[in-house]
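In: Okay, predicted coordinates and the sequence, questions at the end:
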Amino acid sequence: MIRLLRAPLRPVTYTRWLHLCVPLLLLALWMFINPGRPWVPLLIVIPFGFVPWVRLAEGLQAHFLLTPGRRDSEESGICAAASTRWTDRWRTVLWLEVRLVVSGVAMFATVWLPVTSVELIATAVGRPPHSDVVVPVTLAPWAAALLAPLPLLVLIVAVVLLGDLITALAKRLLGPSAAERLTALEARTEQLLERTRIARELHDSIGHALTVAVVQAGAARAAGDPEFTDRALHAIEETGRAALEDLERVLLVLRESAQPPSQRPTLAEADRLLESARASGSAVDAQLSGPLAALPGPVTREGYRILQEALTNVLRHCGPVPVRVRVEATANGLDLEVTNPMPEHPKITVGGGSGLRGMRERAALLGGEADTGPHEGSWRVRARLPLERIR
């Protein structure tokens, strides 16, 4: 009831009314040509339903008039696209037929109900009605005055109900098909996966750079040695520059720029991570073996990020402690292991941390696995990335 009272104040009521009135042009034109056969327009629109661009035009019109508040949103449920399948063409034909029928009912209500109110007002002021068809019974002036607003209220109710009906039919007949819904769902899933990957990229790259900068700055302040301070500032500069390059690449992806993003770092650039950790005061014992440059792109890129996150966690939670790094590329895959002494008051938990979860997710996406946790009195990160699925 409250919705009906608010209907005259809602813009969507009038846009839907306009949508109902558009087909009346065809109906009125045909009634002027041949009023004896009002059903002929139902046959005329059938060939137009098979034209692909008619579905696009009807979808756009429904977007703007039936769901004006959601026309820029996927929640409208109306697909503004040309027909690509015969099922879409047949649905368009059915939509045109139904739209004409509903518009015919709307035309009858729009014309007959206001005329009825006018006739009742004329009877109330003592003038004879123009026709006995509109008001077939004789009413007293006071009764006609009381009933005069009723047809207008019925008109509002009819417009609201017919508007809801045509909107529901539009979502059903002009909405996406099952195949289109599946395609949209797949695209949405790909978008969410890409955003998750970008979030991991930012976490790994920027988190690593900030960790190195904080450790270097703290060590330089504590050392009080100008030469060490100079080396620390140089390390902060190099790490910050690399982080800015990663940030620029990620921002280009987020902006959907036409410019191709720069190449993501690979294990061929692992020396940059190792030198950054050494510059932070950690004694890094690194052993890189095997044809790292020949690894497939997904494996070498994700391996680089796992190594970066492992070294970042060492600096963040343990400080400048000795680190042992083993990276081996074999014919079957990539084995990566980072080991460091456990801190006196460990902040890392076996199941917690977005960085640890991100390493496991990266490995799982390639069909591999990543284990993190205490091992023989040390903290170990071990990842295995197979090449079978990539090939």
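Out: Noted; the coordinates are in hand.
In: For the closest residue to R278 other than its chain neighbours, grab phi and psi.
Out: Among residues not flanking R278 along the chain, V284 sits closest, at 5.1 Å (Cβ to Cβ, 6 or more residues apart in numbering). Any C-beta I mention is one placed from the backbone N, CA and C, and that applies to glycine too. V284 has phi and psi values of phi -100, psi 120 when expressed as degrees, to the nearest 10.
In: for V284, which residues make a bridge with it?
Out: Here V284 sits in beta bridges with V323, going by DSSP bridges.
In: and it, how many residues sit next to it?
Out: By the criterion of other Cβ atoms under 10 Å, V284 has 20 neighbours.
In: Give the buried residues for the one helix or strand V102 maps to.
Out: Mapping V102 onto the secondary structure by DSSP states H and E places it in helix 86-124. The neighbour-count check on helix 86-124 (16 or more other Cβ atoms under 10 Å) flags 88-89, 91-93, 95-100, 102-104, 106-107, 109-110, 113, 115-117, 119-120, 122-124 as buried.
In: how near is the residue nearest to R278 to A158?
Out: Separation of V284 from A158 (Cβ to Cβ, to the nearest Å) stands at 79 Å.
In: P374 too?
Out: Separation of P374 from A158 (Cβ to Cβ): 74 Å.
In: just G377 next, same as before
Out: To A158, G377 is 81 Å away according to Cβ to Cβ.
In: Those two: who's more crowded?
Out: Neighbour count, other Cβ under 10 Å: between G377 and A158, A158 has more, with 19 against 7.
In: if I read this right, that one contacts W112, doesn't it?
Out: No. Checked against Cβ atoms under 8 Å, the pair A158 and W112 is beyond contact range at 10.3 Å.
In: Could you chop this protein up by domain?
Out: 2-176, 182-386 (automatic domain parsing).
In: still on that earlier bit, how much space is there between the residue nearest to R278 and C318?
Out: V284 is 13 Å from C318, by Cβ to Cβ.
In: got a list of what the nearest residue to R16 once chain neighbours are set aside touches?
Out: Spatially, and ignoring its direct neighbours in sequence, R16 is nearest to G163 (3.3 Å; Cβ to Cβ, 6+ apart). By Cβ atoms under 8 Å, 6 or more residues apart in numbering, the residues touching G163 are V12, T13, R16, W17, H19, L20, L66.
In: Let's see which of those end up in helices.
Out: With helices taken from DSSP state H, the overlap with the contacts of G163 comprises V12, T13, R16, W17, H19, L20, L66.
In: For those residues, which two are the farthest from each other?
Out: Spatial extent of the ones in helices among the contacts of G163 (Cβ to Cβ) is set by the pair V12 and L20 at 12.4 Å.
In: who has more neighbours, those two?
Out: The neighbour count for V12 versus L20, taken as other Cβ under 10 Å, is higher for L20 (26 against 17).
In: Give me the nearest residue to that one, chain neighbours excluded.
Out: Spatial nearest neighbour of L20, excluding adjacent residues (Cβ to Cβ, 6+ apart): A106 at 4.0 Å.
In: H208 touches A243, doesn't it?
Out: Yes. When contacts are counted by Cβ under 8 Å, H208 is listed as touching A243 (7.4 Å).
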